[in-house]
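A.B. asks: based on what follows, work out the 3D shape:
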Amino acid sequence: MKSMFTQTVSLQLRLFVAVILSAILIVGDKYTEGGTNVRTSLNTLVSPLIYVANIPYEIFSFGAKSLHTRDQLLTENEALKKKQMLQSEQLQQYQFLSRENQKLRALLGSSAKTSNRKIIAQVLSVHSNPYSHQVVINRGATNGLSESQAVIDDMGLVGQLTKVGSTTSRVLLMTDTTHATPVRILRNDVRTVVEGVGKINVVKLSHVPHSLDVRLGDVLVTSGLGGIFPEGYPVAVVTEINRDEGQPFAQIYAEPIAQLDRIRLLVVLWRNQQEQVSDD
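C.D. replies: Numbering: from 1, shown residues only. Down below sits the predicted model:
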């Protein structure tokens with residue numbers, strides 16, 4: 001069966017048929033009750049074609065919207081990452097400042113005797129070898145310091161000043177072989193002396209009789225004797241006891257409470273006598 005519109009049909013005939021059909025549809029739509037039905041039927045037939053024709057536009061719009069959303073998400077993600085990094089840095093700084101604040105508070109409040117004058121110092125350099133354990137701090141005579149003043153950290157006793165310059169001073173650590181600290185056992189108030197042995201984490205109780213009441217875990221604090229170290233500062237904890245009857249004295253070792261291998265901030269103490277002289 002051949003189509004009505006073939007190459008053999010003239011253009012004039014095709015135009016005539018199209019005009020007639022158009023006229024019939026117009027008249028039918030205007031004067032007949034079925035015009036609405038006709039228009040509805042035609043719309044129903046044409047609707048799929050409209051949807052199909054609209055598919056490329058919808059695809060393009062969806063793609064453009066997706067790209068815009070993706071770019072926006074990437075931009076927001078980058079902004080959030082930068083904000084997170086800034087907040088992370090601020091958090092780290094806050095944590096650092098919080099620790100520093102706690103350390104300073106601990107330093108200033110570490111002694112039971114709060115009437116003594118004190119000053120905070122920072123470690124500038126460390127001189128540690130088997131023959132000498134010393135550090136240099138950024139305070140000196142211009143700050144009112146003098147030799148033999150006691151030095152502590154936030155945990156306990158560190159040592160004492162030995163050489164004082166105008167703006168710096170040298171601190172002899174309690175673990176130095178030339179350093180001795182009068183102490184008492186916190187548990188029973190028995191007095192003795194601890195000496196440095198040249199190891200940063202060990203001190204020795206000197207000339208301890210075998211009968212001395214000392215036990216593992218005993219806490220040693222400054223006794224106040226000698227007039228250099230104020231009484232009551234933590235010094236060391238007993239870690240080893242060797243009572244060899246063949247030796248004249250018991251071999252007793254302790255571990256310093258102060259963190260001597262990582263000190264950075266220190267407190268220099270004035271003795272009561274020094275404070276009275278300075279006040280005069």
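
A.B. asks: hey, which helix or strand in this structure has the poorest pLDDT?
C.D. replies: Within the chain, confidence by mean pLDDT, DSSP states H and E is lowest for helix 272-279 among all helices and strands, at a mean of 45.

A.B. asks: got a pLDDT number for the closest residue to Val194 other than its chain neighbours?
C.D. replies: Counting by CB to CB, 6 or more residues apart in numbering, Val194 lies nearest to Val203, which is 4.5 Å off, once chain neighbours are set aside. All C-beta atoms are positioned from the backbone trio N, CA, C, and that covers glycine. With respect to pLDDT, Val203 scores 96.

A.B. asks: I'd like to know the beta-bridge partner residues of Val203.
C.D. replies: Note on Val203: beta-bridge partners by DSSP bridges are Gly196, Ala254.

A.B. asks: shouldn't it be in contact with Glu195?
C.D. replies: Yes. Val203 is within contact range of Glu195, at 6.5 Å (criterion: CB atoms under 8 Å).

A.B. asks: shared neighbours, the two?
C.D. replies: Residues touching both Val203 and Glu195 by CB atoms under 8 Å, 6 or more residues apart in numbering: Thr181.

A.B. asks: neighbour-wise, which of these two wins?
C.D. replies: Val203 (27 against 17; other CB atoms under 10 Å).

A.B. asks: in contact with the residue nearest to Val194, which residues?
C.D. replies: Applying CB under 8 Å, 6+ apart, the residues near Val203 are 174-175, 181, 194-197, 235-236, 253-256.

A.B. asks: switch to 7 Å and redo it
C.D. replies: Residues in contact with Val203 (CB atoms under 7 Å, 6 or more residues apart in numbering) are Met174, Thr175, Val194, Glu195, Gly196, Val197, Ala236, Ala254, Pro256.

A.B. asks: a markdown table for the residues you listed, including distance to Gly156 and pLDDT?
C.D. replies: A markdown table is the format used below for these (distance: CB to CB, whole Å; pLDDT from 0 to 100):
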| residue | distance to Gly156 | pLDDT |
| --- | --- | --- |
| Met174 | 9 | 96 |
| Thr175 | 12 | 95 |
| Val194 | 12 | 97 |
| Glu195 | 16 | 95 |
| Gly196 | 15 | 94 |
| Val197 | 18 | 93 |
| Ala236 | 8 | 96 |
| Ala254 | 11 | 97 |
| Pro256 | 7 | 96 |
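
A.B. asks: got CSV for these, with distance to Leu216 too?
C.D. replies: Shown next, in CSV, are these (distance: CB to CB, whole Å):
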residue, distance to Leu216
Met174, 20
Thr175, 20
Val194, 15
Glu195, 19
Gly196, 21
Val197, 18
Ala236, 12
Ala254, 10
Pro256, 16
